[in-house]
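# Show me how the following folds:
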Amino acid sequence: MSTTTVETSADVTGQRPAAGPGKGRDRGRRGVLTSLASHGVLTAACLIALFPIAWLVYLSLGPDKDDYLHPGRIWSKMTLDNYSFVLQNTNFFDWLKSSLIVSLGTTVIGVLIAATTGYAVSRMRFPAYRKFMWVLLVTQMFPVAVLMVPMYQILSDLQLIDTYLGLILVYCSTAVPYCAWLLKGYFDTIPFEIDEAGRVDGLSPFGTFARLILPLAKPGLAVAAFYSFITAFGEVAFATTFLLDDEKYTLAVGLQSFVSEHDAQRNLMAATAVLIAIPVSAFFYLVQKNLVAGLTAGGTKG
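The predicted structure is shown next:
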């Protein structure tokens, strides 16, 4: 019996190495094919995403406004004259200043309000706190055309028409509800024990929030800041309605100056669009380290 058992074990162990290499090769082939397929899909996605940007840059190098109709001719006559014209003969820098004031103001005020709101809903249980968050969500469902008239009336009564502060408050009404939801989900991932430790050390609720919670919430704050900045930087409808002075136009509104009733200077529009993308790209570079972590962490709890 013992001899048979030993021989059977030997046979079994002898058969396993014979089947192993074949399975290993199959798995290796599948692994290589899967890797090639995934890299191919990602490469195609990157090319699709980058093509409009490359095409815009290419059109901005054409000297004539109708070069977009014959893009092949641009290659032989590329020039930077469009950029020179935009920078020297338009109010580009005034537009840039206005855009930065409005965008950074919206970012600072919006993130501050959204962070305190999200933290309060995450940590405190006051009456109808769930309904409060749903009300914030419902405010995002109204189209711009519906909000335009009441907002104009409110800003007119407050004498904030044609002011940066008025436009910042309008943009905050759009950015704060979304950012509050986003940060509420992120604050839910931070253990309650940290708040309790702060209270044991004698910190007030606001001190706990400012000194302990906010440093841990940097990724979520980075996402909220990026969303608020983009919301204000590229918006056109509100800026066109509430800003009346040419010198206070934002970049998005200033871009419309190249379009008349019967004509459009598309070469100058393309060059301006490329210049507009530079501040956004720089802001994205500053927050991109925390951006991915902030986008994913808020969905793990709550």
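# where does the one residue sitting closest to the centre of the chain land on pLDDT?
In the chain, the residue lying closest to the centroid (Cα atoms, centre = their mean) is Y227, at 4.4 Å. Here, the pLDDT recorded for Y227 equals 89.
# host element of it?
Using DSSP states H and E, Y227 maps to helix 218-233.
# And the pLDDT for D157?
92.
# any idea how far G166 is from it?
11 Å (Cβ to Cβ, to the nearest Å). In short, each C-beta sits where N, CA and C put it, glycine included.
# the more surrounded of the two?
A direct count of neighbours by other Cβ atoms under 10 Å for D157 and G166 places G166 higher, at 22 against 9.
# Surely S122 is in contact with P191?
No - look at S122 against P191 with Cβ atoms under 8 Å: they stay out of range, at 11.7 Å.
# Settle it for me: which of the two has more neighbours?
S122 (20 against 9).
# Now name the helix or strand holding the more buried one.
Per DSSP H and E: helix 92-123 holds S122.
# There's contact between F229 and A282 in this structure, I believe.
No - at 10.7 Å, F229 does not count as touching A282 under the criterion of Cβ under 8 Å.
# before we move on, the earlier item: from G220, how far out is the residue nearest to the centre of the chain?
Note on Y227: its distance to G220, by Cβ to Cβ, is 11 Å.
# for the protein, what helix or strand is lowest in average pLDDT?
Taking mean pLDDT, DSSP states H and E as the measure, the helix or strand of the chain with the lowest value is helix 2-60, at a mean of 71.
# which secondary structure elements does the helix holding Y227 contact?
Applying 3 or more Cβ pairs under 8 Å, 6 or more residues apart in numbering; DSSP states H and E, one finds that helix 218-233 makes contact with helix 92-123, helix 164-188, helix 266-297.
# F242 is nearest to which of the ones you listed?
helix 164-188 (5.3 Å; Cβ to Cβ).
# How far does that closest one sit from its chain's centre?
13 Å (Cα atoms, centre = their mean, to the nearest Å).
# Quick one: mean pLDDT for that helix?
pLDDT averaged over helix 164-188 gives 90.
# Helix 218-233 and that one, what's the angle between them?
150 degrees (axes from the mean of the first three to the mean of the last three Cα atoms, to 10 degrees).
# Great, nothing more from me.
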